[in-house]
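Enquirer: Turn this into a model:
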Amino acid sequence: MKTLNVIIAVVVAVTVSGCASTRYTEYRGQDSFPAEGGTIQIIDGIDLWRSGTPDRPYKILGVIDKEFAPAYMRSFDKAIVKDIVEYGGQAGIILNRERIRRAPDAYATHFKIAVIRYL
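Expert: Next up, the predicted model:
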């Protein structure tokens, strides 16, 4: 019975840790960026700029590095929006998306997203 409990605990830990890992880094630099424009998706009232940059001036608060296992990619949009709000942003800009090999036949997707506030 103890062995079964240990196996269940390990499976749960691996499953939860495989969902997504998140790291936030504060941005320090240029105070504002000019409007340019790009493609946008609005999720729960939060702008997520998929390409290009916002169509109005903005300030970068920080950058989120987030990694998702393939099974959790369907929850990407909601998870990113939650992180953007948590770190004080009104919108996010996807800066980079990269597929990373974690094992011979296992991959994860790493995203770098700027957390921004409009001026």
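
Enquirer: If residue 103 is in a bridge, with which residues?
Expert: Note on residue 103: beta-bridge partners by DSSP bridges are residue 106.

Enquirer: From residue 84, how far off is it?
Expert: Distance, residue 103 to residue 84, by CB to CB, to the nearest Å: 30 Å. (Glycine included, C-beta is placed from N, CA and C.)

Enquirer: In terms of packing, which of these two has more residues around it?
Expert: residue 84 (26 against 7; other CB atoms under 10 Å).

Enquirer: Now do the SS call for that one.
Expert: Counting by DSSP: H, G, I helix; E, B strand; the rest coil, the backbone at residue 84 sits in helix.

Enquirer: isn't it right up against residue 91?
Expert: Yes - between residue 84 and residue 91 there is a contact under CB atoms under 8 Å: 7.0 Å.

Enquirer: Residue 31: what secondary structure?
Expert: Going by three-state DSSP: residue 31 is coil.

Enquirer: What is the neighbour count of it?
Expert: Using other CB under 10 Å, residue 31 has 7 neighbouring residues.

Enquirer: Lovely, talk soon.
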